[in-house]
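Visitor: Sequence first, predicted coordinates after that:
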Amino acid sequence: MTRAGWRLLWSLLRRRPRPLLAVAGLVVVLAAPTTLTGIAVAHALEDGFFAHRAGTGLLWVCLLVQVRLLGTVAGRLLFPPLVRVVEPLRDELVTAVVTAGLRRAVQQDARVPGTAVRQAVDEVEQARMLVASVLRNAHATGSVAVGAVIGLGLLDPAILLVELPCLAAAAVGYRLLVRAVLRRQRRCLLAEEDLADHVAAAFAARRDVAAFAAHDAAAAPVLERVERARVAARDLRRADAIHVGVVGVGVDLGLILLLVLAPVLIGRGRLGTGDLVAAVYYVMFALGPALRFLVYGGADWLAELLGLMTRLSDAVTGAPPPARTGPSPAGRRPAVVAESVGYAYAKDAAPVLDDVDFTVPFGTHVAVVGPSGAGKSTLAALLCGVRRPDRGTVRIGGAPPAPGSATLVLAPQEPYVFAGTVRENLAYLAPAAADATLRRAADAFGLHRLGLDQRLGAGGAGLSAGERQLLTLARTYLSAAAVVVLDEATSHLDPDAEHRAELLMRRRGGTLIVIAHRISSAARADRVLLVDEGGVVAAPHHELLDRSPRYRQLVGLWEPAAEGVPHERR
């Protein structure tokens, strides 16, 4: 159950071998203060105070103080390599989780759920803090334990024969403890994520809840998840009972056996009284606190960390693979085919599109028209794979459309211009294009004043709305996609600029589908798709004028405004 979590954690940690080796090496360095402390205690008592030589005893005590001070200073060496491990790990986790969440939302036509937001914000930050805590405290615990074991071996190897079996038994109990805590931790985590999803869904539907006075119906599933999360958290806390037994075997039993063995070792001259005190120090004040921390704090932290990493691994690996990008396959001439397509925004809502059938052969220029709210942009989303039909199929070249596919590119009404140079924006879909090609495309779309090296702010700050659309159109023009969809991508352009942009798009070759902002786009197209009352009628412009009263009505609304063309509302 935790292998995926281990794999993800190790794949992130092993990318920084030098800081990890530095952390591991410091275990040996910081073990020295613990070992030297016990030896100093033994000599201070055996060679000093018990022998009535106070000066010698005080000298060893002073040495003990110096050792502890040096250990404290040396402990600060841990933090620089620890930071170089933990902070990049958090950044890589955020990138992986956000990428997977967005990919899942886009390719599965799903809203980014509360779970994805919680994973990217809360769970990744928890993982960062837990990795830091586990590494820091495991390092401290390990150095103290190593120092204590070395010290006991220096006093008398026979003591190790007593203590090591107790520590081994405690290690077995610790593993069982971690497994028990991990199972309950995972149930608790899944319950909290389920609660986050239902809370997010209820909040998103708050207007409908208020409109239909459905407060109780909306609250019921949320309260049910709250109770599940409470029970899971309670069961997690009940695992604390196992802690006591593990500590008892590792520390208390070891101390009892040491005291039983002490008279034999002292009687044979193998151990002095001061050595016995040092041995008790190693067991009670070094191994004891280390094991107690490992059991009471470390087990919970490790189980929580593995639970989080396993859950994040599920989220990252469970996302759909990215759509293929790159040039279109040579020689492909994909047709756009819709068969019996139906789509509604909700299960109980009237369909926006119902039993829609049409075929757009490769190389055709198509205009999509219809009254405001008829479903033109919804149809564009279905054609581009941004949404998936409830019924029927949409295929481009025989395959379902996918966002990011090299076969198709969408230019939306709200243009996307990212922070960077004009060159970077233009070449985003054509990274191999030469500067001369980029310059010609920019000039063709009327972007004469923009230099390729000119830097743009996020969202195209400093450009007009029309210039942002022209930049997006030029970028689309440069792509190798066989099918181009313009979803009112010329809404901020005047009629002449719109005409010029559509003409350039048509001359580039391939299929052009225009969600018309003005009826003049329909007159220029080879075919028109009239979207109205859930259906789609496909025919050339002149045929629709003869066959469709609705189309004649739409055309008639525009013809009187030949000079100042009005903007059709969506």
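Guide: Good, I have the coordinates. Numbering: from 1, shown residues only.

Visitor: give the contact list for the residue lying closest to residue 391 once chain neighbours are set aside.
Guide: Of all residues not flanking residue 391 in the chain, residue 342 sits nearest, at 3.8 Å (Cβ to Cβ, 6 or more residues apart in numbering). Every residue, glycine included, has its C-beta placed from N, CA and C. Counting by Cβ atoms under 8 Å, 6 or more residues apart in numbering, residue 342 touches 351, 353-356, 389-392.

Visitor: can you do 10 Å?
Guide: By Cβ atoms under 10 Å, 6 or more residues apart in numbering, the contact set of residue 342 is 351-356, 389-392, 534.

Visitor: now those residues: which count as buried?
Guide: 351-354, 356, 389, 392, 534 (16 or more other Cβ atoms under 10 Å).

Visitor: Sticking with the residue nearest to residue 391, tell me its helix or strand.
Guide: According to DSSP states H and E, residue 342 maps onto strand 336-343.

Visitor: and what of residue 472?
Guide: helix 465-478.

Visitor: Tell me which residue is most central in this protein.
Guide: residue 97 (1.1 Å; Cα atoms, centre = their mean).

Visitor: and residue 362, what are its phi and psi?
Guide: Main-chain torsions, residue 362, degrees, to the nearest 10: phi -60, psi 140.

Visitor: sorry, back to before: buried ones in the strand holding residue 342, by neighbour count?
Guide: Quick answer for strand 336-343 (16+ other Cβ under 10 Å): 336-338, 341, 343.

Visitor: orientation of whichever helix or strand comes after that strand relative to strand 336-343 in degrees?
Guide: For strand 336-343, the following helix or strand on the C-terminal side (DSSP H and E) is strand 353-360. Using axes from the mean of the first three to the mean of the last three Cα atoms, to 10 degrees, the interaxial angle of strand 353-360 with respect to strand 336-343 works out to 180 degrees.

Visitor: Give me the mean pLDDT for the strand holding residue 342.
Guide: For strand 336-343, the mean per-residue pLDDT is 92.

Visitor: Which parts of the stretch 51-200 of the chain are helices?
Guide: 54-75, 79-107, 114-118, 124-155, 157-204 (DSSP state H, counting those that start in this stretch).

Visitor: Dump those into a markdown table; add distance to residue 470 and mean pLDDT as well.
Guide: Below are the helices of the stretch 51-200 of the chain laid out as a markdown table (distance: least, Cβ to Cβ, whole Å; pLDDT from 0 to 100):
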| stretch | distance to residue 470 | mean pLDDT |
| --- | --- | --- |
| helix 54-75 | 61 | 85 |
| helix 79-107 | 26 | 80 |
| helix 114-118 | 35 | 65 |
| helix 124-155 | 39 | 84 |
| helix 157-204 | 35 | 81 |
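
Visitor: would you turn the ones you listed into a markdown table with distance to residue 227?
Guide: Output for these, formatted as a markdown table (distance: least, Cβ to Cβ, whole Å):
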| stretch | distance to residue 227 |
| --- | --- |
| helix 54-75 | 45 |
| helix 79-107 | 27 |
| helix 114-118 | 18 |
| helix 124-155 | 23 |
| helix 157-204 | 9 |
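
Visitor: Can you check which of these gets nearest to residue 275?
Guide: Residue 275 lies closest to helix 124-155 among those, at 5.0 Å (Cβ to Cβ).

Visitor: Now do the buried residues in that closest one.
Guide: By neighbour count with 16+ other Cβ under 10 Å, helix 124-155 contains the buried residues 124, 126-128, 130-152, 155.

Visitor: Specify the angle between it and helix 54-75 in degrees.
Guide: Using the same axes, to 10 degrees: helix 124-155 against helix 54-75 is 150 degrees.

Visitor: ok now helix 124-155, how far from the chain's centre?
Guide: 29 Å (Cα atoms, centre = their mean, to the nearest Å).

Visitor: swap in stretch 205-213?
Guide: Distance of stretch 205-213 from its chain centroid, counting by Cα atoms, centre = their mean, is 31 Å.

Visitor: can you give me the mean pLDDT across that stretch?
Guide: Here the average pLDDT along stretch 205-213 is 82.

Visitor: now swap in stretch 542-552 and tell me
Guide: Here the average pLDDT along stretch 542-552 is 87.

Visitor: Residue ranges in the stretch 251-400 of the chain under the pLDDT threshold?
Guide: Low-confidence segments of the stretch 251-400 of the chain (pLDDT under 70): 297-300, 303, 318-332.

Visitor: And the helices in it, which stretches?
Guide: Counting by DSSP H, counting those that start in this stretch, the helices of the stretch 251-400 of the chain are 253-267, 273-281, 288-293, 299-317, 376-384.

Visitor: Out of the ones you listed, flag the one nearest residue 84.
Guide: helix 299-317 (18.9 Å).

Visitor: Look at the most far-flung residue of the chain relative to its centre and report its pLDDT.
Guide: Most distant residue from the mean C-alpha position of the chain: residue 52, 66.9 Å away (Cα atoms, centre = their mean). Model confidence at residue 52, given as pLDDT, is 87.

Visitor: How about residue 230?
Guide: On the pLDDT scale, residue 230 gets 91.

Visitor: could you say which helix or strand contains it?
Guide: Short version, using DSSP H and E: residue 230 is in helix 215-237.

Visitor: mind listing what's buried in that helix?
Guide: So, applying 16+ other Cβ under 10 Å, buried residues of helix 215-237: 218, 225, 228-229, 232, 236.

Visitor: got it, and stretch 422-436?
Guide: Buried positions in stretch 422-436, judged by neighbour count with 16+ other Cβ under 10 Å: 422-423, 425-430, 433.

Visitor: show me what contacts the closest residue to residue 470 other than its chain neighbours?
Guide: Leaving aside its chain neighbours, residue 470 sits nearest to residue 445 (4.6 Å; criterion: Cβ to Cβ, 6+ apart). Going by Cβ under 10 Å, 6+ apart, residue 445 touches 426, 467, 469-477, 493, 497, 500-501, 504-505.
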